[in-house]
Each structure stands twice: as structure tokens, then as C-alpha cells.
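Novice: Below: sequence and its predicted model.
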Amino acid sequence: MTSKINTMARSFQRSPLALAILVLLAEEPMHPYRMQQLIKERGKDLVINVQRRASLYQTIQRLLRAGLIAVKETSREENRPERTVYELTEQGLETARDWLTSMLSKPKEEFPEFPAALSLLPLLEVGEVLRCLEEREAALAEKLSSLDTILREAGAVLPRLFLLEIEYLHAMLKTEVNWVRSLIDDMRSGRITWDREWLRGYADSGGGDD
């Protein structure tokens, strides 16, 4: 049985949410609702998706089957649903430390949507792309302003240690806003443009082929 659990733990597909659950349970045993509350109260929901409670419960069940957490107790208060309190196992703590060191030290190859869309721009016309980018720039600028506020207000009461993920998001977002604005400028000025005739001519000339 122990061997089977060890195998399941090693093959567990890690995720930010699974790591957050393990780290919270390293603080103290708690029930799922408390986990979700703490993730939101601490602002970790900016980097960990807990919008769907079903995902939280599914991840908890997977961690339980893998032997990384265990049921500590169940209780039922009057007129309320039964609550299950979970605790971290020794293997869960070891796994959390392994995941954390790996996530910090090894860049993971990810495939976000935006770069993929950029690689396929010519399907759309220039004006349509320009409108999309202007819409994106406005949304990014609004989000950046929101992060500015969080950093200013939370930075006044919290040590920098607890705001590092917000700093990272802010830096990445600011870079993207500036880059999108430069692309919009280049498209408005005509420094970057295309149409079907230009694309056909480029393809006929062997552009892009070795």
C-alpha cells in the first residue's frame, strides 16, 4: 500500500493550486472553505485560480488519493453541512518543498495564447488587428493601475516578502503594456503592415523558406 501511495505521489501532476493547498496545510489543518478564504484574503488569487470551488475539491481529492494529505477529522454543526478537516502528511511536506524548489529554479515551457495569436496575425486585416490591440492595451492599462494601487496600499503595511508575486505581475504587465503600445504605434504609422497581395508576393518569393 505504501509503495502504491509513493508511486501516486511521484506521478502527481503538480499545479499552483495543489502547491497552495499543501503550503496552507503546512501551517495548520483546515477545511476546504478556510483554504479558499485564506487564498483570497492574502491576495494569492491573483496568481492561483480558486474561482471554481469544484476545482479546489477535485484537487484535494487527488492529493488525498496520492497520500500527500490526510483526513484529520470530520464534524457537523447544527443545520450546517459536514466539514472535513485535512492535514499534511510527511510525504506531502516533502513534495511541497520539491515542487517549490523546482518551480523557482526551472523555467517551465508554457504556451500562452497571446504569442500564439501574434504568430498568426495575417489571417486578419491590419485595421482589425489594430482595434484588437487597442482593446488589449486598455485592459492591460486598467489592470496595471489596479496592481499599482495594491502595491501602494499593501506595501504600506506588509513586508516586501509577501508582495513579491504582485511585484512580478506588475513588472511583466508593465513590459507587455509598453510592448503592445510600441506595436500599435508601428502599425498606425505603417511601419508594420500587410495585405493579401503583399502576403502572396512574399510567399511567391520564397520568403520564410530555407
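Specialist: Here it is on my side, so go on. Worth saying up front: this structure is predicted, and the values here are computed from it rather than measured.

Novice: hang on, residue 169 packs against residue 44?
Specialist: No - under the criterion of Cβ atoms under 8 Å, residue 169 makes no contact with residue 44, lying 11.6 Å away. Heads up, the C-betas are built off the backbone N, CA and C, glycines and all.

Novice: Helices along this structure, start to end?
Specialist: Using DSSP state H, the helices of the chain run over 2-11, 16-27, 32-41, 53-65, 90-105, 113-118, 126-155, 164-189, 196-204.

Novice: a markdown table for these, including mean neighbour count, mean pLDDT and distance to residue 79?
Specialist: Formatted as a markdown table, these follow (neighbours: other Cβ atoms under 10 Å; pLDDT from 0 to 100; distance: least, Cβ to Cβ, whole Å):
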| stretch | mean neighbour count | mean pLDDT | distance to residue 79 |
| --- | --- | --- | --- |
| helix 2-11 | 12 | 62 | 37 |
| helix 16-27 | 20 | 96 | 27 |
| helix 32-41 | 16 | 93 | 16 |
| helix 53-65 | 15 | 93 | 20 |
| helix 90-105 | 14 | 96 | 33 |
| helix 113-118 | 10 | 96 | 45 |
| helix 126-155 | 14 | 96 | 37 |
| helix 164-189 | 14 | 97 | 39 |
| helix 196-204 | 10 | 92 | 67 |
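
Novice: Turn those into JSON lines, including distance to residue 83.
Specialist: Formatted as JSON lines, these follow (distance: least, Cβ to Cβ, whole Å):
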{"stretch": "helix 2-11", "distance to residue 83": "25"}
{"stretch": "helix 16-27", "distance to residue 83": "15"}
{"stretch": "helix 32-41", "distance to residue 83": "8"}
{"stretch": "helix 53-65", "distance to residue 83": "12"}
{"stretch": "helix 90-105", "distance to residue 83": "20"}
{"stretch": "helix 113-118", "distance to residue 83": "38"}
{"stretch": "helix 126-155", "distance to residue 83": "30"}
{"stretch": "helix 164-189", "distance to residue 83": "29"}
{"stretch": "helix 196-204", "distance to residue 83": "61"}
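
Novice: Ok, which of those helices comes nearest residue 71?
Specialist: helix 53-65 (7.2 Å; Cβ to Cβ).

Novice: Please list the outside residues in contact with the closest one.
Specialist: For helix 53-65, contacts defined as Cβ atoms under 8 Å, 6 or more residues apart in numbering pick out 8, 12, 15, 17-18, 21-22, 32, 35-36, 49-50, 69-71, 86, 92.

Novice: Now with 6 Å, please.
Specialist: 17, 18, 32, 36, 50, 69 (Cβ atoms under 6 Å, 6 or more residues apart in numbering).

Novice: Among those residues, which pair sits farthest apart?
Specialist: 50 and 69 (16.5 Å).

Novice: Compare the two (neighbour count), which wins?
Specialist: Using other Cβ atoms under 10 Å as the criterion, residue 50 and residue 69 rank with residue 69 on top: 23 against 20.

Novice: what bridges to the more buried one?
Specialist: Residue 69 forms beta bridges with residue 88, as assigned by DSSP bridges.

Novice: Give me the most central residue, the protein.
Specialist: For the chain, the residue nearest the mean C-alpha position is residue 47 (4.8 Å; Cα atoms, centre = their mean).
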